[in-house]
Every structure is written in C-alpha cells, then in structure tokens.
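> sequence plus the predicted model coming up.
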Amino acid sequence: METLSKIDSLKHLLFIDIETVPQHGQCHDLPPDHRQLFFDKLSKNMPESYDEEELYRQKAGILAEFGKVVCISVGYVYSEDQRTCLKLKSICDDDEVQLLHNFINLVNKFASLYKTFQFAGHNIREFDIPFLCRRMVINQIPLPSYLHIHGAKPWEINMVDTLQWWKFGDYKNYTSLNLLAHVLGIPTSKDDINGSMVQDVYYKEKNIKRIVEYCQKDVVVVAQIILRFKNQPLIDASNICIAE
C-alpha cells in the first residue's frame with residue numbers, strides 16, 4: 001500500500017483538460033471579414049486545393065482566435081482511509097464568458113489551499129493553458145496571477161505536462177494522450193468519442209453531457225499516467241468520484 005507521503009506529493013496538482021469547438025457551426029456562418037482572416041492565418045500551410053468547410057472543421061476549434069471553450073474538467077488527488085482517490089469537477093456552458101469566470105473561481109479555491117499549486121495535463125503548455133489565456137483576453141476577463149505567463153521564459157512556466165515528460169528532452173515528436181496511455185497499459189479515454197468529433201457532438205447532437213464525460217476521462221488518464229511515471233499504483237475506478 002502506498003504511503004501518505006507519496007500521495008502528498010501529488011496533492012498540489014490540479015489536473016486539467018479542456019474541450020473546444022469552432023465559434024460557429026459552419027464556415028459560411030463566419031462574418032466575411034473574420035472568414036478572410038481565418039484563411040489568411042492558414043494560408044502558408046494550406047494545400048493548393050482544399051474544401052473550405054472541411055478546413056474550417058479541422059482547424060477553427062483549435063485556434064483561439066476562431067474557437068471557444070465549451071468544457072473544462074479538473075481533478076485532484078486526495079487520500080482517504082489510506083486509499084488514493086481522485087475527485088473530478090467539470091464546468092460547461094454555452095456562454096464562454098460565464099464558463100471562464102466559473103473556472104477562475106474554482107481554481108482560486110484550490111489555490112487558496114495550495115499556494116504553490118501546479119496545473120497538470122497533456123500538452124497543456126502548448127494548447128490548454130495558452131488557449132484559456134487567449135480566450136480570457138479576447139473576452140476581456142482579467143488574467144489571474146497564476147496565468148500571468150505571457151512573456152515568461154519556458155523554465156519559468158511551472159506546469160506538469162505529461163507530453164513534455166514523455167519527450168525526455170526530445171522536441172521532435174508529438175505523442176497523443178491515447179497512444180501514451182496505451183503503451184503504459186492505462187485504459188483509454190477514447191472509447192466513445194475523440195477530439196475531432198467534439199464539434200459535431202456540440203453543434204449537431206447538442207449533447208454537452210457526452211462532451212463532459214469525454215473531458216473527464218482525459219483528466220483521469222492524465223492522473224494515471226503521472227502515477228505510472230512515479231511508479232505508484234493506479235487509482236481504482238471505485239475511488240474516482242465526480243463533484244456536483
């Protein structure tokens with residue numbers, strides 16, 4: 001059985017994953033000037049022939065200038081009766097401004113308990129956290145102190161990123177969360193939908209619950225990967241709970 005000291009080393013981590021979609025369901029719904037700016041941004045990497053709608057589907061949701069956040073899931077580890085437990089909490093809202101304010105309030109509560117807390121996730125240094133920061137600035141939401149990372153040097157950004165851990169200093173390759181979980185023997189989170197399907201689930205199915213469940217599964221996988229790196233037992237499913 002793991003010692004409490006090992007669990008304590010994880011308590012300052014706030015595991016996080018976000019789900020994003022294009023701001024509009026289809027490319028032709030974009031205002032003309034915004035539409036032109038979208039293709040201008042991608043012009044250097046566009047193939048000679050392309051389908052505008054398909055390009056929009058593939059790229060808009062992962063660009064902060066043209067996408068929005070629809071779900072943020074977080075989790076934290078705690079000990080109970082010498083068991084390692086994980087509690088999850090998700091914030092979802094069609095109103096992105098409200099969603100971002102709710103997220104800040106949630107993180108502020110965690111930060112009040114752990115002054116030196118760190119975000120933990122997969123590829124959060126290059127995607128999740130920068131995307132959240134950009135959307136806050138766009139929506140005129142003041143950045144909390146722990147997100148004042150614009151202009152910071154890489155070694156000054158204190159986050160736990162499992163993608164960076166897996167690179168072991170190799171900056172040439174990208175490894176997906178799904179692949180990393182597979183090779184480490186951790187159950188995948190991609191058993192229902194994957195990231196490319198989120199916008200259809202949001203705009204066509206209008207099934208935010210399905211997106212929340214997918215986002216939460218990614219948080220669980222990240223927590224398990226970090227435990228694997230630390231050579232600790234994985235968290236049993238019976239010890240994972242979801243806060244209302």
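Looks like it arrived, so ask away.
> remind me what the biggest helix by length in the chain packs against, helices and strands.
Using DSSP state H, we find that the single longest helix of the chain is helix 208-229. Packing contacts for helix 208-229, counted by 3 or more CB pairs under 8 Å, 6 or more residues apart in numbering; DSSP states H and E, involve strand 13-22, strand 67-80, strand 83-92, strand 118-121, helix 162-167, helix 177-183, helix 198-203. Bear in mind the C-beta positions are built from the backbone N, C-alpha and C, glycine included.
> got these as TSV, with mean pLDDT columns?
Shown next, in TSV, are those (pLDDT from 0 to 100):
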stretch	mean pLDDT
strand 13-22	97
strand 67-80	96
strand 83-92	95
strand 118-121	96
helix 162-167	95
helix 177-183	95
helix 198-203	94
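> D191 is nearest to which of those?
The closest of those to D191 is helix 177-183. By CB to CB, the value is 10.0 Å.
> chain center to the closest one, what's the gap?
Helix 177-183 sits 16 Å away from the centroid of its parent chain (CA atoms, centre = their mean, to the nearest Å).
> likewise for stretch 21-33?
With CA atoms, centre = their mean as the basis, the mean position of stretch 21-33 lies at 23 Å from the chain mean.
> and it, end to end?
20 Å (CA to CA, to the nearest Å).
> contacts for it, please.
Residues from elsewhere that reach stretch 21-33, judged by CB atoms under 8 Å, 6 or more residues apart in numbering: 35, 38, 52-53, 55-57, 60-61, 66-68, 70, 198-199, 202-204.
> same deal with stretch 169-183?
With contacts defined as CB under 8 Å, 6+ apart, stretch 169-183 is touched by 122-123, 162-163, 166-167, 187-190, 194, 218, 221-222, 224-225.
> kindly report the same for stretch 186-202.
Stretch 186-202 has contacts (CB under 8 Å, 6+ apart) with 19-22, 25, 57-58, 61, 70, 177-178, 181-182, 207-208, 210-211, 213-214, 217-218, 220-221, 224-225, 228, 234.
> of these, buried ones?
Listed as buried from these are 19-22, 57, 61, 70, 177, 181, 208, 210-211, 213-214, 217-218, 220-221, 224-225, 228, 234; burial here means 16 or more other CB atoms under 10 Å.
> give me the phi and psi for I242.
Note on I242: its backbone torsions stand at phi -120, psi 120 [degrees, to the nearest 10].
> wait, it sits on K217?
No: I242 is beyond contact range of K217, at 11.3 Å (criterion: CB atoms under 8 Å).
> what's the neighbour count on the residue nearest to R228 when sequence neighbours are not counted?
Distances taken as CB to CB, 6 or more residues apart in numbering place L184 nearest to R228, at 5.0 Å, with adjacent residues excluded. By other CB atoms under 10 Å, 16 other residues sit near L184.
> need the per-residue pLDDT for L184.
Predicted confidence (pLDDT) at L184: the value is 96.
> where does this protein have low pLDDT?
Where the chain drops to pLDDT under 70, the residues are 1-8, 47, 189.
> give me that answer again for 80
Along the chain, segments meeting pLDDT under 80 span 1-9, 44-50, 154-155, 188-192, 244.
> measure F110 to V69 for me?
F110 sits 18 Å away from V69, going by CB to CB, to the nearest Å.
> show me which of the two is the more surrounded one.
When neighbours are counted by other CB under 10 Å, F110 and V69 differ, and V69 comes out ahead with 23 against 16.
> so who does the more buried one touch?
Residues near V69 by CB under 8 Å, 6+ apart: I18, E19, T20, E96, L99, L100, F131, L132, R135.
> farthest-apart pair in those, please.
E19 and L100 (13.7 Å).
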